[in-house]
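Asks: sequence below, structure please.
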Amino acid sequence: MNPPYSDLTVGDLLTRLACALPAHDALVYAQAPRHTFESLDREARTIARGLMALGIEPGERVVVWATNVPEWIVLQFALAKIGAILVTANTSLRAKDIDYVLRQSEAATLVTIRGFRDVDYVVELEKAGIRSAESLALQPDLALRRIIYIGADTPEGFTPYEELRRLADRVPDAALDARGRAVGVDDVINMQYTSGTTGFPKGVMLSSRNIVNNGYQLGGMLGYTPADRLCLCVPLFHCFGCVIGVLGAFTHGACVCPVEAFDARQVLETVHRERCTALYGVPTMFIAELECPDFAQFDLTSLRTGVMAGALCPEPLMRRVMTEMHLPEITIAYGMTESSPGITMTPRDSSIAQRAQTVGIVLPTLDVKIVDAASGAACATGERGELCCRGYNVMKGYYNNPEATRAAIDKDGWLHTGDEASLDADGYVRITGRIKDIIIRGGENIAPKEIEDRLREHPAVADASVYGVADPFLGETVAAAVRLKPDATSHTTGLPATELIAWCADALARFKVPKHVRFVQEFPLTASGKIQKYKLREEHERSLGTKN
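Replies: Purely as a prediction, here's the structure:
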């Protein structure tokens, strides 16, 4: 049976593709061997047997902390074939962040690379007290027992990724097949950490039914067939990359051409070289591609469709993407990690206004309702309320956090997104605000509390409130209002905002570091004493000249 496929486990999806389209391009990197579906399945099976030989059990959490390297996608399927749970890790994490993910997920295995940009992952692990497999025995409260290293010059005490090939000889194919048959479509197969209003990231548990079926529906909306080739430059650690990207393409037999880390010129080169028909990104990525000095050198006429997500696209940018980048069928998608991630998407023939002002229509078979956030009563057409979703895509829950799970999914199975929205008479959804206190910077969800906690650790800071302010490039950027201690110097007498920004940069991931810091004497408060962040945001945007 040829694609498209749905209602399969992630591991079985690749097996099915290897049988149906054995010689078809599956995975194409600029600096790595090309994989057909047959060779990719063979590689995933080899690595799966190596992981089994290493002792990785069904249900075990395996954290993958790496950029879009070829091994990432191989591991996505290899881990699925043995029933292990892929835990994705943001490439910008620092010591505190990765330590939290490892501990909260109770992961026994970490797979990593040397680092990304100016963050050395080995150094960050050392800061967290993780230096080798032997050092892990000294931390009985940490479940981690093995570290697999992708790349040359493997650090002492780590297991080289290539060692998995040698270990694979110890496990027969029959043993792998038996393990695979025991994996069900409703078993948790993927965990992704997402920020919440508490500031403590939560592990979203997703099954094959969640993510394979969501990829199938999103790929269907894009009109994918085996003739399509996707340039994938969004991170694989996001659902955007590993679900809308890899699974959205593979469920329809399309080829994936990843870029290891976003670089506008490399994206354009990939589209040009591989004759890609689809391209993904957040609005800032498309802006960077359009502004690339060599833009005119690349032939993009093979493009037809793609996905823009993470923030609404301004209409002038949408027009440029559709015409100058030859993407007449570009779509807008909306969702969240908890919904696998897609909830809505604009049809490929939507008007420019619909693509720029809405997030499209509800995906097939899903239920969506808009309710009053306080009373839970259904809102009329055009009225604003909280968007709720129900269907196959709703997560299994948050790992080891039943209280947060109950707060997100009600007794009737509705996922409460925390986003304010309205639904028009044509079935198009408009996101009008956020009930949850989350900053979305260039597609990254950022919880203010972690940043506020870091600012309060500074000896001169009495209190801090963090919020998002409008940014023409990123959609939002991080800003902070800071109240100093009475005996501390103010920004006018010695304490510069740059000192607090650097203080945050020493401990937080790059995308969480405030761009703006304002010093205030007091915070605007509600009658119950809660800080009114919307007032801080409005005051700040007026001072920046970004709001009339």
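
Asks: and the residue nearest to residue 348 when sequence neighbours are not counted, what does it touch?
Replies: Spatial nearest neighbour of residue 348, excluding adjacent residues (Cβ to Cβ, 6 or more residues apart in numbering): residue 329 at 3.8 Å. Every residue, glycine included, has its C-beta placed from N, CA and C. The contact partners of residue 329, by Cβ atoms under 8 Å, 6 or more residues apart in numbering, come to 222, 223, 304, 305, 306, 348, 349.

Asks: and the furthest pair within these?
Replies: 306 and 349 (14.6 Å; Cβ to Cβ).

Asks: so between the two, which is more surrounded?
Replies: Ranked by neighbour count (other Cβ atoms under 10 Å), residue 306 and residue 349 place residue 306 first, with 23 against 8.

Asks: just the pLDDT for that one.
Replies: Listed pLDDT for residue 306 reads 98.

Asks: surely it is within a strand?
Replies: Yes: Residue 306: assigned to a strand according to DSSP: H, G, I helix; E, B strand; the rest coil.

Asks: that one touches residue 280, doesn't it?
Replies: Yes: here residue 306 reaches residue 280: they are 5.6 Å apart, a contact under Cβ atoms under 8 Å.

Asks: quick one on the thing from earlier: a markdown table for the contacts of residue 329, including distance to residue 216?
Replies: Converted to a markdown table, the contacts of residue 329 look like this (distance: Cβ to Cβ, whole Å):
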| residue | distance to residue 216 |
| --- | --- |
| 222 | 11 |
| 223 | 13 |
| 304 | 20 |
| 305 | 16 |
| 306 | 18 |
| 348 | 17 |
| 349 | 20 |
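
Asks: any idea which of those is closest to residue 427?
Replies: residue 349 (14.1 Å).

Asks: give me the distance between the closest residue to that closest one other than its chain neighbours and residue 282.
Replies: Computed as Cβ to Cβ, 6+ apart, the closest residue to residue 349 that is not its neighbour in sequence is residue 329, at 7.6 Å. From residue 329 over to residue 282 the distance is 18 Å, taken as Cβ to Cβ, to the nearest Å.

Asks: where does the prediction get shaky in the stretch 401-548 of the chain?
Replies: Residue ranges of the stretch 401-548 of the chain with pLDDT under 70: 436, 488-494, 526-530, 546-548.

Asks: secondary structure of residue 268: a helix, I assume?
Replies: Yes: remark: residue 268 belongs to a helix, assigned using three-state DSSP.

Asks: nearest spatial neighbour of it, skipping sequence neighbours?
Replies: Closest to residue 268 by Cβ to Cβ, 6+ apart is residue 298, at 4.2 Å.

Asks: can you name the residues that contact that neighbour?
Replies: Residue 298 sits in contact with 268, 269, 271, 272, where contact means Cβ under 8 Å, 6+ apart.

Asks: centroid-wise, who is the farthest residue in the chain?
Replies: residue 487 (42.4 Å; Cα atoms, centre = their mean).

Asks: for that one, pull up the helix or strand it's in.
Replies: Here residue 487, judged by DSSP states H and E, is contained in no helix and no strand.

Asks: show me where the stretch 51-200 of the chain has strands.
Replies: Assignment of strands within the stretch 51-200 of the chain using DSSP state E, counting those that start in this stretch yields the ranges 61-65, 85-88, 109-112, 115-116, 119-120, 146-149, 159-160, 188-194.

Asks: how about these in CSV, adding mean pLDDT, distance to residue 474 and mean neighbour count?
Replies: Output for the strands of the stretch 51-200 of the chain, formatted as CSV (pLDDT from 0 to 100; distance: least, Cβ to Cβ, whole Å; neighbours: other Cβ atoms under 10 Å):
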stretch, mean pLDDT, distance to residue 474, mean neighbour count
strand 61-65, 98, 24, 25
strand 85-88, 98, 22, 26
strand 109-112, 98, 27, 25
strand 115-116, 96, 19, 18
strand 119-120, 96, 20, 14
strand 146-149, 96, 33, 22
strand 159-160, 97, 38, 17
strand 188-194, 96, 19, 25
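
Asks: right, and these - which one's nearest residue 479?
Replies: Across these, closest to residue 479 is strand 188-194 (Cβ to Cβ), at 21.5 Å.

Asks: look at stretch 431-444 and report the distance between its end residues.
Replies: Across stretch 431-444, the terminal residues are separated by 17 Å (Cα to Cα, to the nearest Å).

Asks: for it, which positions count as buried?
Replies: Residues of stretch 431-444 classed as buried by neighbour count (16 or more other Cβ atoms under 10 Å): 431, 435, 436, 437, 438, 439, 440, 441, 442, 443, 444.

Asks: farthest pair in those?
Replies: 435 and 442 (21.5 Å).

Asks: so where do the strands sit in the stretch 251-400 of the chain?
Replies: Using DSSP E, counting those that start in this stretch, strands in the stretch 251-400 of the chain cover 255-258, 278-281, 305-308, 329-335, 342-345, 361-362, 367-371, 385-390, 397-398.

Asks: out of those strands, nearest to residue 113?
Replies: strand 255-258 (14.4 Å).

Asks: helices or strands next to that closest one in the packing?
Replies: Packing partners of strand 255-258 (3 or more Cβ pairs under 8 Å, 6 or more residues apart in numbering; DSSP states H and E): strand 25-27, helix 70-81, strand 229-232, helix 248-250, helix 264-274.

Asks: now with 10 Å, please.
Replies: strand 25-27, strand 35-36, helix 70-81, strand 229-232, helix 248-250, helix 264-274, strand 278-281 (3 or more Cβ pairs under 10 Å, 6 or more residues apart in numbering; DSSP states H and E).

Asks: most tightly surrounded among the ones you listed?
Replies: helix 248-250 (a mean of 31; mean count of other Cβ atoms under 10 Å).

Asks: give the buried residues for stretch 47-57.
Replies: Neighbour-count burial for stretch 47-57 [16+ other Cβ under 10 Å]: 47, 48, 49, 50, 51, 52, 53, 54, 56.

Asks: now the residue nearest to residue 190 when sequence neighbours are not counted: phi and psi?
Replies: Distances taken as Cβ to Cβ, 6+ apart place residue 206 nearest to residue 190, at 4.4 Å, with adjacent residues excluded. Phi and psi for residue 206, reported as degrees, to the nearest 10, are phi -120, psi 140.

Asks: count of residues packed around residue 343?
Replies: If we define neighbours as other Cβ under 10 Å, then residue 343 has 29 of them.
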